[in-house]
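Undergrad: Test case, fold it:
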Amino acid sequence: MPALNVAFTNVAFTDAPPALSLAERLADLAVDALIDEADLSPKPALVDRRSSGAHQDLHLGLMHSSALSLWPAFKEMAEVALQFGEIGQPLREAIGRIGREGEAAMMRTTAGVNTHRGAIWALGLLVTAAALDPSDLSPAGLGLRAGCLALIEDRQQPALNSHGAEVVRKFGAMGAREQAQMGFPAVTQTGLPQLKRSRAARHGEQNARLDALLAIMTTLSDTCVLYRAGEQGLRTMQQGAQRVLDAGGSASLSGRRALHELDQQLLDLNASPGGAADLLAACLFIDCLEPALGDEARTV
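TA: Reported below is the predicted structural model:
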């Protein structure tokens, strides 16, 4: 049988994949932050690799699917930020619309379970803030731009009827909206500094992230906890998180014991610090921006 004379080309093997746009990279980083937050273990009373925490309707796979469903919304938010190029009413109402559409997509993915409503708000603002000025990805700069956006009224926003809004009215607590309007102080002034301190102490990345979550929990008026367990639950969360850090953090034996104790206390109260988890995702997103985007983003 004569030999076949077949000419092969190397095109499929040598062509580099197309470069991602800034909006696509920001959406990637936002989704990665949500997945990293979900995977982090052991988180007190939250969904993680061990269990569903205080949630009967959530599990880790659902959290992953929910995070991935939000990629188009985060990408579109970044794109409209690049399109408008400035903070104002048109941009605020555009990202509000996109956020509501993203929430609807999330709900379709999760069959109606609220997995990431608070994270859409926090990360959506931060993705938009990053796209508005990729030359300044500092926590202070991102927080300032996100806060200015959050202060603008979204005239198309339907009346809020969420658990968080109910808790804000009942307890007078600072909810997710107020946290954003202040530039996410729980992230920029508490979570990120603790993350860096624990890294500097060589506690390991997972322990450093747990410590950042705990630091956020020490001061946050977490509306998820308030809704489920009232002021007693909030005190249990804040004081228990502080005990873990005072004992040496999650990298120490005494700190780990205090963390397990806090986990059990919150489970007994059916109190899940979902607001703190959303802000940890925001913390991880801000933390990765400079290393991931670097000088390339500054040329946009």
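Undergrad: How is Pro134 assigned, secondary-structure-wise?
TA: Classification of Pro134 using DSSP: H, G, I helix; E, B strand; the rest coil returns coil.
Undergrad: from memory it sits against Leu22, does it?
TA: Yes: taking CB atoms under 8 Å as the contact criterion, Pro134 and Leu22 are neighbours in contact, 6.4 Å apart. Quick note: C-beta positions are derived from backbone N, CA and C, even for glycine.
Undergrad: low pLDDT regions in this protein?
TA: Counting by pLDDT under 70, the ranges of the chain that qualify are 1-17, 159-174, 295-300.
Undergrad: Swap in 90 and give it another go.
TA: Flagging of the chain using pLDDT under 90 yields the residue ranges 1-18, 55-58, 154-178, 294-300.
Undergrad: so how far is stretch 218-235 from its chain's centroid?
TA: When distances are taken as CA atoms, centre = their mean, to the nearest Å, stretch 218-235 is centred 19 Å away from the chain's centroid.
Undergrad: Apologies, that question was intended for stretch 276-285.
TA: Here stretch 276-285 shows a centroid-to-chain-centroid distance of 4 Å under the convention CA atoms, centre = their mean.
Undergrad: And for that stretch, what's in contact with it?
TA: Contacts with stretch 276-285, where a contact means CB atoms under 8 Å, 6 or more residues apart in numbering, come from 29-30, 32-34, 36-37, 40, 43, 46, 116, 118-119, 121-123, 126-127, 176, 179, 184, 186-187, 191-192, 195, 209, 212-213, 216-217, 220, 222, 237.
Undergrad: Among those residues, which are located in strands?
TA: Using DSSP state E, no member of the contacts of stretch 276-285 sits in strands.
Undergrad: Just the buried residues of these.
TA: Of all these considered here, the ones buried according to neighbour count by 16 or more other CB atoms under 10 Å are 29-30, 32-34, 36-37, 40, 43, 46, 116, 118-119, 121-123, 126-127, 176, 179, 184, 186-187, 191-192, 195, 209, 212-213, 216-217, 220, 222, 237.
Undergrad: hmm, back to that, out of the contacts of stretch 276-285, which sit inside helices?
TA: Among the contacts of stretch 276-285, the members falling in helices (DSSP state H) are 29-30, 32-34, 36-37, 118-119, 121-123, 126-127, 176, 179, 192, 195, 209, 212-213, 216-217, 237.
Undergrad: And stretch 106-125, what's buried?
TA: In terms of neighbour count (16+ other CB under 10 Å), stretch 106-125 has its buried residues at 106-107, 109-110, 113-125.
Undergrad: Gln238: what's its closest spatial neighbour, skipping adjacent residues?
TA: Computed as CB to CB, 6 or more residues apart in numbering, the closest residue to Gln238 that is not its neighbour in sequence is Thr218, at 5.4 Å.
Undergrad: Oops, could you answer that again for Glu86 instead?
TA: On the basis of CB to CB, 6+ apart, the spatially nearest residue to Glu86 that is not a chain neighbour turns out to be Leu132, at 7.4 Å.
Undergrad: which stretch of helix or strand covers Glu79?
TA: In this structure, Glu79 is located in helix 71-84 according to DSSP states H and E.
Undergrad: Run the chain-centre distance for that helix.
TA: Relative to the centre of its chain, helix 71-84 is centred 17 Å away, using CA atoms, centre = their mean.
Undergrad: name the helices or strands packed onto it?
TA: Using 3 or more CB pairs under 8 Å, 6 or more residues apart in numbering; DSSP states H and E as the contact definition, the elements that helix 71-84 packs against are helix 22-39, helix 89-109, helix 117-132.
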